[in-house]
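Colleague: What follows is a predicted protein model with its sequence.
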Amino acid sequence: MPCEHSVHSLWIGRWRAYIARGARLLLTAMLLSLSLRYEVPAQYDREAHLDRLLAGRQFDLASWWVSAALAKLAYALLPIHERMTDDAQADFVRAYMRELAEFNRLVGEIEAIYAAPDVRDPDGASVGLRAQRDALRASLDARRAIVEGILEDQVQSILREEGFAIGGQVMPPVRFRFTQLPSLLIVSRRDKIERIASRELETGLTLEEQVRLEALVDRRFNVSSLITPIGGLGTYPTMLPETTALRWVLGVIAHEWVHNYLLFTLSPVGLNFLSSAEARTINETAAVIVEREVRERVAQRYYPELYAALMSDVRPGTAPDATFDFRAEMRKTRIRVDELLAEGKIEEAEAYMEARRVLFVKHGYLIRKLNQAYFAFHGAYNADPDGAPAAGRDPVGPAVQALRARSRSLGDFLRQIATVRDFADLQQRLAQP
């Protein structure tokens, strides 16, 4: 609805219409544009105003890319790991991960000293630990490019077997960089779970800064927003956080390569990732399927101890309360929210989501914000046979799973995904004998 100032101006415009018809038409059009901007902002208007609202807060991707590209180019001139055996490469990665774990432990000890109220001189008390930390950091930095090269080639060995190589080189080549990741701002409509905008934000945002930005975006556009951490970013090279979770890293390397492959091949679901919710779900679901299969095969070949852990896992992320079925409850939440929004009960749906969030927190799931934007983001990852909990009854993910089930190989599946135009096209393919 127009604000009080807009309504007053509208009446002035109508009064002046009796004097000058042209002035009335112009003023009415301007006021209508102003009113609509706050209710259902046009895409161009929203995007431009969102950029202005987030000025100085967006991640400088161009600067990061230049730095990462130069680092990759420098290492490509002398790829040290290619002179190692497969076993030596795997041992090198294991040693790096052990040293990274020790580095993280030292960082935690130092932070505890500075936080302790009874330590009068934290600089003096931590001098030895800080020296160890800095020496470890220098050692890690010196070996980071080698570890990246090893992991890239290990993932590429599987992709090469699946037919993604031209002249022996996987295309596009697998390239990633350990780095600090930006946060992601997701914007959804309030009356429907639909991702209408997203922005990568600068690293290091505090929680209170995130909450403030979300509130600004919500008020300005009458939308639902959420700032969330991400596990990787499909830039080229791909951005990955430095972590000791090697099994997870292997999967994300493959996952983000799928996004790059779908763009490299000019796939419709790659090119329309930002503009189509269906394309995004097809893209993300395919990436998760490839991630899981490649991760398992890399682990089996190079890291048998990780493969054993993969086979023993029932499901990652088990709730602290083992009697609480997070997946079933989240799926129930999404379905009910969709029903309420379809009936036009926006406020009731939002109150329901908050009540459900409190329930999830009570059972050990520290969800800061459960809203339309949450479902718009998490619902795109729908690669489980029983459906992603945040996807509700969305049929797109199960259709992608069905295509994988009838494909001869992982490579055949992904090459088919690259030619899918949209969800209707995917359904037609599945309908064929």
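Modeller: That came through fine.

Colleague: all contacts plus neighbour counts: C-alpha atoms, from now on.
Modeller: Fine.

Colleague: contacting residues around the residue lying closest to P229 once chain neighbours are set aside?
Modeller: Once flanking residues are discounted, P229 sits nearest to S183: 4.9 Å by Cα to Cα, 6 or more residues apart in numbering. Neighbouring residues of S183 by Cα atoms under 8 Å, 6 or more residues apart in numbering: E200, L201, E202, T203, L205, I227, T228, P229, I230.

Colleague: Of all the residues you listed, the one with the weakest confidence?
Modeller: Across these, the member with the lowest pLDDT is L205, scoring 81.

Colleague: which residue sits closest to that residue, ignoring its sequence neighbours?
Modeller: S183 (7.9 Å).

Colleague: So which of the contacts of S183 are in strands?
Modeller: E200, L201, I227, T228 (DSSP state E).

Colleague: Adding distance to P398 and neighbour count, write those out as CSV.
Modeller: Compiled in CSV, those are given as follows (distance: Cα to Cα, whole Å; neighbours: other Cα atoms under 10 Å):
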residue, distance to P398, neighbour count
E200, 29, 21
L201, 32, 22
I227, 27, 23
T228, 25, 18
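
Colleague: still on that earlier bit, name the member of the contacts of S183 with the shortest distance to F377.
Modeller: The closest of the contacts of S183 to F377 turns out to be T228 (Cα to Cα; 9.2 Å).

Colleague: what residue ranges in the protein are flagged as low confidence?
Modeller: Under the criterion pLDDT under 70, the flagged ranges of the chain are 1-44, 309-321, 381-392.

Colleague: Pick out the residue nearest the middle of it.
Modeller: By Cα atoms, centre = their mean, the mean C-alpha position of the chain lies nearest to I230, the distance being 4.3 Å.

Colleague: Was I right to think it contacts Q180?
Modeller: No: with contact defined as Cα atoms under 8 Å, I230 does not count as touching Q180 (10.6 Å).

Colleague: what comes up buried for the helix or strand hosting V294?
Modeller: Assessed by DSSP states H and E, V294 sits inside helix 277-302. Under the neighbour-count criterion of 16 or more other Cα atoms under 10 Å, helix 277-302 has 277-292, 294-299, 302 buried.

Colleague: Kindly report the same for stretch 45-63.
Modeller: R46, E47, H49, L50, R57, Q58, F59.

Colleague: First-to-last residue distance for that stretch?
Modeller: 27 Å (Cα to Cα, to the nearest Å).

Colleague: Distance from the chain centre to that stretch, please.
Modeller: Relative to its chain's centre, stretch 45-63 lies at 18 Å (Cα atoms, centre = their mean, to the nearest Å).

Colleague: Can you pull out the residues in contact with it?
Modeller: R37, P182, A197, R199, E200, L201, E202, T203, L213, V217, F221.

Colleague: can you pull the contacts of the closest residue to the fourth one other than its chain neighbours?
Modeller: Meaning R199. Spatial nearest neighbour of R199, chain neighbours left out: L185 (5.1 Å); criterion: Cα to Cα, 6+ apart. Residues near L185 by Cα under 8 Å, 6+ apart: S198, R199, E200, L201, S225, L226, I227, T228.

Colleague: now the strands for the stretch 101-250 of the chain?
Modeller: Assigned by DSSP state E, counting those that start in this stretch, the strands in the stretch 101-250 of the chain fall at 165-166, 169-170, 176-178, 183-188, 195-201, 224-228, 238-240.

Colleague: Buried deepest among those strands, which one?
Modeller: The highest mean neighbour count among the strands of the stretch 101-250 of the chain, using mean count of other Cα atoms under 10 Å, belongs to strand 224-228: a mean of 25.

Colleague: Distance from that one to the middle of the chain?
Modeller: Worked out by Cα atoms, centre = their mean, strand 224-228 lies 12 Å from the chain centre.

Colleague: elements contacting it?
Modeller: strand 183-188, helix 207-221, helix 372-378 (3 or more Cα pairs under 8 Å, 6 or more residues apart in numbering; DSSP states H and E).

Colleague: I'd like those as a markdown table, with distance to E339 appended.
Modeller: Formatted as a markdown table, those follow (distance: least, Cα to Cα, whole Å):
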| stretch | distance to E339 |
| --- | --- |
| strand 183-188 | 17 |
| helix 207-221 | 22 |
| helix 372-378 | 13 |
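
Colleague: right, and those - which one's nearest L430?
Modeller: helix 372-378 (25.0 Å).

Colleague: how much space is there between the nearest residue in space to I158 that is not next to it in sequence and P304?
Modeller: Nearest residue to I158, sequence neighbours excluded (Cα to Cα, 6+ apart): V294, at 6.6 Å. Relative to P304, V294 is positioned 14 Å away (Cα to Cα).

Colleague: For stretch 422-433, list the C-alpha coordinates in CSV.
Modeller: Coordinates of the C-alpha atoms in stretch 422-433 are reproduced here as CSV (Å, rounded to 0.1, in the frame of the first residue of the first chain):
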residue,chain,number,x,y,z
ASP,A,422,13.4,-27.5,-18.3
PHE,A,423,11.3,-29.6,-15.9
ALA,A,424,8.7,-30.4,-18.6
ASP,A,425,11.5,-31.7,-20.9
LEU,A,426,12.8,-33.8,-18.1
GLN,A,427,9.3,-35.3,-17.5
GLN,A,428,9.0,-36.1,-21.2
ARG,A,429,12.3,-38.0,-21.2
LEU,A,430,11.2,-40.0,-18.2
ALA,A,431,7.9,-40.9,-19.9
GLN,A,432,9.8,-42.4,-22.8
PRO,A,433,10.3,-46.2,-22.6
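
Colleague: who's in contact with that stretch?
Modeller: So stretch 422-433 is contacted by P268, V269, E278, A279, I282, V396, A399, V400, A402, L403, V420 (Cα under 8 Å, 6+ apart).

Colleague: try stretch 230-244
Modeller: 65, 68-69, 97-98, 100-101, 174-184, 249, 252-253, 256-257, 259-260.
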